[in-house]
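[1] Predicted coordinates and the sequence they were generated for:
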Amino acid sequence: MATEPTQHPEQQARDAQQKRHTPSRGLAWLRRVSLLVIIFGLATAAAIAVGGFIDAEVPPTMTHKISRGDLVVTIIEQGLLESAVNHEIKSQVRGWNTILWIIDSGTYVEKGDRLVELDSAFIQEQIDERTKYSNWSQSAADRTEAIVARSKLAVSEYEKGRYIAEEMTLEKNLMVAESTLRSAKDRLRHTRAMARSEYVSELEVEEREFAVRQAELNVKLNRTQLDVLRKYTFKEQMQTLKGDLKSVEATHEANAERATADASRRDRALSEIKHCIVTADRSGLVIHPNAAKWESRPVDEGVNVHKDQVLLLMPDLDKMQVKIGVHESTVKRVKLGQVVKVILADGTLQGKVSNVASITKPAGWWTANEVRYDTMVALPAVEGLRPGMSAEVEIVVAEHKDVLTIPVAAIVEKDQEHYCWVQTFSGPENRKITLGDSNDIFTVVDSGLREGDQVFLNPSYYEGAGSEDEEPKAESLEPKEKVASK
């Protein structure tokens, strides 16, 4: 018995379709014969309807021949191009500010070109206000600075000037008093000697004694004044002067800090008004960032933007990538470094998987309740690639060589088991099969079928046709080779 050459099922389907659409040589003659057959068929149908001699419906007979071939399992996802490296242009102005003008997305600019203009009226008011307060604060700081300098001089002036002068004055007075006391004592001795000789009276002696006591008291007074100056007055004056100095220094420090703060606010406002005109710091393509639907409106004229908000992006066109979302059921089969095919509107590129997200955002109505993982595919540096372009990414996750395959349309799943209907000499037969990998069109058959078996492509017609107690028949002949998915 001659063996038929192995042919892939997809090629068989294309050959069959081509045969159906290929005209024969005797086309005119066939048209005449076909017309007669149609007339005869209509007459026969009428006879059946009248006589009712056929009481069963003829089942469809679309079948597929099981054969060996190669099966490629791919993941195909739609995505958008974006740059892997984006230079962000952010707002440097505090608070919220209105965009008066912004450059069109997709414009190529040169370094120094104007990109965005923000409303600066409020900032100009802040400059005027802060300038006024800065001048007031600086005036107070200058005034207290002079008071501090004067207070420092007062400390030195008393410590090295007035105190020394007062001390020398009291020392001089003490020396004069001591000298006066010595003179009074000498005169008292002389008067007493003269009184013993009865040259002077007792009254004069008493006067001399009084002069001595007065001189002693004067000496004691001057000595006490000098001690008070040294022990108490000096310390008191120094403490007072140093306290006044610290007080005015603290006041001056507060005024100086206030002046610095007001000047800083003024200078910041002056610098911010410069940032109201945003210019390009490099040459390249500029695009508007895409705002999420549940967040703020996209950046545009009349929209309020805040500090550090991204106004524009300058993508690096030499480092482009495609962002796709891979379904949770197949993401484990996508590996870093896999070479993939990227189909664009004007050609095909070869990319490489550069990143697969380990976590994903929760599913919602905006994702049709599907859980997908963001996957990045790096592209080579090719001219003409622009952010936002659509692309189709085809990732080959498995390749099976010389395996038995069955169309997905011929498979029935029931109670987590798989079955198919096979054409036999005795009629359609329900058979249990074991399946392997699949590409959603064909599936690898591990067991239950042999090469050359004819399976029905409409198994739903035969479901329930047999007895409910009839068990599916399992193929007794196992395939020669088991297929292992890559």
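    Sure, I can see it.
[2] Surely R450 forms part of a helix?
    No - judged by DSSP: H, G, I helix; E, B strand; the rest coil, R450 forms no part of a helix; its state is coil.
[3] what residue ranges in this protein score low on pLDDT?
    1-61, 290-297, 364-368, 463-486 (pLDDT under 70).
[4] Show the residue spans covered by the helices in the stretch 201-350 of the chain.
    202-228, 234-275 (DSSP state H, counting those that start in this stretch).
[5] out of these, nearest to S358?
    helix 234-275 (38.0 Å; CB to CB). Using the backbone N, CA and C atoms, a C-beta is placed for each residue, glycine as well.
[6] Can you list the helices and strands that the closest one packs against?
    helix 121-157 (3 or more CB pairs under 8 Å, 6 or more residues apart in numbering; DSSP states H and E).
[7] Using CSV, lay out the helices of the stretch 201-350 of the chain together with mean neighbour count.
    Formatted as CSV, the helices of the stretch 201-350 of the chain follow (neighbours: other CB atoms under 10 Å):
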stretch, mean neighbour count
helix 202-228, 15
helix 234-275, 16
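[8] Save those as CSV, and put in distance to R130 too.
    Listed next are those as CSV, based on distance: least, CB to CB, whole Å:
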stretch, distance to R130
helix 202-228, 55
helix 234-275, 4
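[9] closest one to A149 among those?
    For those, proximity to A149 was assessed by CB to CB; helix 234-275 is nearest, at 9.3 Å.
[10] quick one, the closest one and helix 121-157 angle?
    160 degrees (axes from the mean of the first three to the mean of the last three CA atoms, to 10 degrees).
[11] For helix 234-275, what is the distance to the chain centroid?
    Relative to the chain's own centre, helix 234-275 is displaced by 41 Å; criterion: CA atoms, centre = their mean, to the nearest Å.
[12] go on, stretch 452-463?
    54 Å.
[13] So for stretch 347-362, what gets flagged as buried?
    For stretch 347-362, the neighbour count (16 or more other CB atoms under 10 Å) marks 349, 351-354, 356 as buried.
[14] What is the nearest of those to K307?
    S354 (32.4 Å).
[15] Now the closest one. Nearest residue, chain neighbours left out?
    Leaving out its chain neighbours, the residue that sits closest to S354 by CB to CB, 6 or more residues apart in numbering is A378, at 4.1 Å.
[16] Kindly provide the distance from Y163 to A149.
    Using CB to CB, to the nearest Å, Y163 is found at 21 Å from A149.
[17] Mind jotting down where the strands sit in the stretch 351-486 of the chain?
    Applying DSSP state E, counting those that start in this stretch to the stretch 351-486 of the chain gives strands spanning 372-378, 390-407, 412-414, 417-424, 427-438, 442-447, 454-456, 473-474.
[18] and among the ones you listed, the most buried is which?
    strand 442-447 (a mean of 22; mean count of other CB atoms under 10 Å).
[19] got the CA positions of that one in PDB?
    Extracted in PDB, the C-alpha atoms of strand 442-447 (Å, rounded to 0.1, in the frame of the first residue of the first chain):
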ATOM      1  CA  PHE A 442      -4.300  23.400  15.400                       C
ATOM      2  CA  THR A 443      -3.500  21.300  18.500                       C
ATOM      3  CA  VAL A 444      -0.900  18.600  19.000                       C
ATOM      4  CA  VAL A 445      -2.300  15.100  19.500                       C
ATOM      5  CA  ASP A 446      -0.400  13.100  22.100                       C
ATOM      6  CA  SER A 447      -2.600  10.000  21.900                       C
END
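[20] partner strands of it, parallel or antiparallel?
    strand 390-407 (antiparallel), strand 427-438 (antiparallel) (DSSP bridges).
[21] what about it, distance to the chain center?
    45 Å.
[22] Now the strands paired with strand 442-447 in CSV, please, with extra columns for distance to Y461.
    Listed next are the strands paired with strand 442-447 as CSV, based on distance: least, CB to CB, whole Å:
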stretch, distance to Y461
strand 390-407, 15
strand 427-438, 9
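[23] before we move on, the earlier item: what about the helices of the stretch 201-350 of the chain, which gets the closest to I102?
    Among the helices of the stretch 201-350 of the chain, the nearest to I102 by CB to CB is helix 234-275 (14.5 Å).
[24] any idea how far the closest residue in space to M376 that isn't next to it in sequence lies from V393?
    Leaving aside its sequence neighbours, M376 sits nearest to N355 (CB to CB, 6+ apart; 4.2 Å). Distance of N355 to V393, computed by CB to CB: 13 Å.
[25] Next: M62.
    The value you get for M62 to V393, if CB to CB is used, is 34 Å.
[26] Same question for V412.
    Distance, V412 to V393, by CB to CB: 32 Å.
[27] And for A141?
    In this view, A141 and V393 are 66 Å apart by CB to CB.
[28] same question, L229
    Distance, L229 to V393, by CB to CB: 98 Å.
[29] Then R265?
    Look at R265 and V393: by CB to CB, they are 53 Å apart.
[30] next one: Y199
    When distance is defined by CB to CB, Y199 is 143 Å away from V393.
[31] now do S139
    In terms of CB to CB, S139 sits 69 Å off from V393.
[32] ok, now Q138?
    64 Å.
[33] Then G106?
    Counting by CB to CB, the gap from G106 to V393 is 23 Å.
[34] Same question for G427.
    46 Å.
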